[in-house]
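>>> no sequence on hand, only this structure:
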């Protein structure tokens, strides 16, 4: 079983295919569409270690020359220095404008590899192969690529659409449980801003083991999340308006990640707390919503930092450098009610402090 979602952009139209066991056939189908004897692969080191044989089998004989570079695991790879290494890999090995670049891995590999593909020769064909729940439902869709800067997260990059997205849930079989939970955060975000039925459908993540999740149900959920993001991106490709709704909880989350040096708290963990804070701030401006749809998943999150380790003053200071900030006040994505997000600048520091305190009490 597989599903295909069409994504429309100003650059071109492409498809994201979700299924199980589709990787090899999709790779060969895509390679046959390019008039190139070469192809390039940027692959997450853990994915290469765990799925290297399947990757080799998919590309074996499909291209005359295959060049592969490993992307070290972790947020530290989302740096200008490693982006430059990726560029050197592509350019030193003779990449051409018709040469496909496959980026295989989670959000880190996708972001830095996508930015390298966008930059080499001012753009070479990019194929995303997301291998985590988070990258399947979020980061591989919509064309955002980039790396972190000392001032904050994702501050250097480009909007660059892929030629295709291959989301094969077979890669998820080796995914640690905490990585499933990281992806759950973005799934819950879609429930908050667009489709409240997702809150109930996401209860499959509460199973004792991810092995108990039925393939068809998971494929449907991932495909629906991709469709939501594709619809929003189609309306607002360059984040001039409603695409900002996809950042629900992220202004808080990016501040947490920055405070934790991008290693003590994962993106999904930070987004979960960020959404709790955004819900509390929404209530401060009049929204009548309950946190229960989020709190029923709290037991899945295991934080490596305590409330006492986090400085509210420092978190507020980091917020000032978020790229979504406008003028002197911080702009947030908040909720009038479920499925009705709004953009609002908040002038009251005390209201933001209260939202932080509510979320951090859930650590």
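Sure thing, it's come through. Just so it is clear, the structure is predicted and the values come from calculations on it, not from any experiment.

>>> what sits up against stretch 283-299?
Outside stretch 283-299, the residues that touch it by CB atoms under 8 Å, 6 or more residues apart in numbering are 184, 188, 191-192, 196, 199, 202-203, 205-206, 272, 275-276, 279-280, 282, 334-338, 344, 346, 348, 351, 354-355, 362. In this view, the C-beta of every residue, glycine as well, is placed from N, C-alpha and C.

>>> what about it, start to end distance?
Using CA to CA, to the nearest Å, one end of stretch 283-299 lies 23 Å from the other.

>>> same deal with stretch 4-23?
In stretch 4-23, first residue to last residue: 13 Å (CA to CA).

>>> just checking the distance from it to the centre of its chain.
Here the centre of stretch 4-23 is set off from its chain's centre by 16 Å, with CA atoms, centre = their mean, to the nearest Å.

>>> before we move on, the earlier item: inside helices: which ones of the contacts of stretch 283-299?
Using DSSP state H, 184, 188, 191-192, 199, 272, 275-276, 279-280, 282, 351, 354-355 are the members of the contacts of stretch 283-299 that sit in helices.

>>> nearest to residue 265, of those residues?
Set against residue 265, the nearest of the ones in helices among the contacts of stretch 283-299 by CB to CB is residue 272 (9.9 Å).

>>> surely the closest one touches residue 303?
No. Contact between residue 272 and residue 303 fails when scored by CB atoms under 8 Å: they sit 9.5 Å apart.

>>> hmm, residue 192 and residue 245 touching each other?
No. The criterion here is CB under 8 Å, and residue 245 misses it with residue 192 at 9.5 Å.

>>> which of these two has more residues huddled nearby?
residue 192 (26 against 20; other CB atoms under 10 Å).

>>> let's see the pLDDT reported for the residue nearest to the more buried one when sequence neighbours are not counted.
In this structure, residue 192 finds its nearest non-sequential neighbour in residue 248, 5.9 Å apart by CB to CB, 6 or more residues apart in numbering. Among the per-residue scores, residue 248 holds a pLDDT of 98.

>>> tell me where the chain has helices.
Listed in chain order, the helices of the chain (DSSP H) span residues 23-33, 45-59, 80-92, 107-119, 133-134, 177-193, 197-201, 215-235, 250-259, 267-284, 292-295, 312-319, 349-360.

>>> dump the ones you listed to JSON lines, plus distance to residue 15.
Rendered in JSON lines, the data for those read as follows (distance: least, CB to CB, whole Å):
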{"stretch": "helix 23-33", "distance to residue 15": "10"}
{"stretch": "helix 45-59", "distance to residue 15": "18"}
{"stretch": "helix 80-92", "distance to residue 15": "24"}
{"stretch": "helix 107-119", "distance to residue 15": "17"}
{"stretch": "helix 133-134", "distance to residue 15": "20"}
{"stretch": "helix 177-193", "distance to residue 15": "20"}
{"stretch": "helix 197-201", "distance to residue 15": "22"}
{"stretch": "helix 215-235", "distance to residue 15": "10"}
{"stretch": "helix 250-259", "distance to residue 15": "27"}
{"stretch": "helix 267-284", "distance to residue 15": "26"}
{"stretch": "helix 292-295", "distance to residue 15": "31"}
{"stretch": "helix 312-319", "distance to residue 15": "37"}
{"stretch": "helix 349-360", "distance to residue 15": "37"}
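
>>> nearest to residue 9, out of these?
Between residue 9 and those, the shortest gap by CB to CB is with helix 215-235, which sits at 7.0 Å.

>>> where's the closest one relative to the chain centroid, distance-wise?
Taking the mean C-alpha point of helix 215-235 and that of its whole chain, the gap between them comes to 13 Å (CA atoms, centre = their mean).

>>> before we move on, what about stretch 209-228?
With CA atoms, centre = their mean as the basis, stretch 209-228 stands 16 Å off its chain's centre.

>>> can you list the weak-confidence ranges in this structure?
Residues of the chain that meet the criterion pLDDT under 70 lie in 322-327.

>>> centre-most residue in it?
Taking CA atoms, centre = their mean as the criterion, residue 139 is the residue nearest the geometric centre of the chain, at 2.9 Å.
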